[in-house]
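In: okay, predicted coordinates and the sequence, questions at the end:
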Amino acid sequence: MSTDKETECLTYLPGAPLPNPARPSPIDPPDDFFRVYLVTAILSVCGQYFSSGSLRRKLDRFLLHLQFYWETKSRPAPEGITNAYLQIIELIAYIHNVI
C-alpha cells in the first residue's frame, strides 16, 4: 500500500487534510475518542498476528499514524480510553520485543 493511500485511509475522506487540532473536523470532533477505542479493541484481539515480515512493517507504520492521531485529540481523554491506548502500545512493543 502506498503512503498516499495510507494517508487517504487515515484521513476519513479522499482528499481530506490530516487531523489538525487547530481546525476541528465536524466528522471527528476533538473530544470524540471512538476511533481510538475501536482501533485499540481491534489491535488487542489481532495485534499479535502482525509479528513478522511486511505485516509487522505495516503495523509499525500504522502505529505511527495512530500516535499522531492520538496527539491531535483534546485532553484530558477519558481514563478508560487512555488506559486502553497505553496498554495496546505496550502490548505491541512487548510482542515485537521493543521494550
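Out: That came in fine, so what should we check first?
In: can you pull the pLDDT of residue 70?
Out: If you check residue 70, the pLDDT there is 90.
In: just residue 40 next, same as before
Out: The predicted local confidence for residue 40 is 91.
In: who's in contact with it?
Out: With contacts defined as C-beta atoms under 8 Å, 6 or more residues apart in numbering, the neighbours of residue 40 are 81, 84-85, 87-88. For every residue, glycine as well, the C-beta is placed using N, CA and C.
In: check residue 43 too.
Out: 88, 91-92.
In: list the buried ones in the helix or strand that it is a member of?
Out: Secondary structure from DSSP states H and E places residue 43 in helix 34-46. For helix 34-46, a neighbour-count test (16 or more other C-beta atoms under 10 Å) marks 36-37, 39-40, 43 as buried.
In: looking at those, which is nearest residue 73?
Out: Nearest to residue 73 among those: residue 36, at 7.0 Å, using C-beta to C-beta.
In: ok, residue 36 - contacts?
Out: Per C-beta under 8 Å, 6+ apart, neighbours of residue 36: 66, 69-70, 73, 77, 81, 84-85.
In: buried subset of the contacts of residue 40?
Out: Buried members of those, counted by 16+ other C-beta under 10 Å: 81, 84-85, 88.
In: any idea which of the residues you listed is closest to residue 55?
Out: Among the buried ones among the contacts of residue 40, and counting by C-beta to C-beta, the member closest to residue 55 is residue 88, at 16.4 Å.
In: tally of neighbours for residue 70?
Out: 19 (other C-beta atoms under 10 Å).
In: which residues touch it?
Out: 36, 85.
In: no further questions, thank you.
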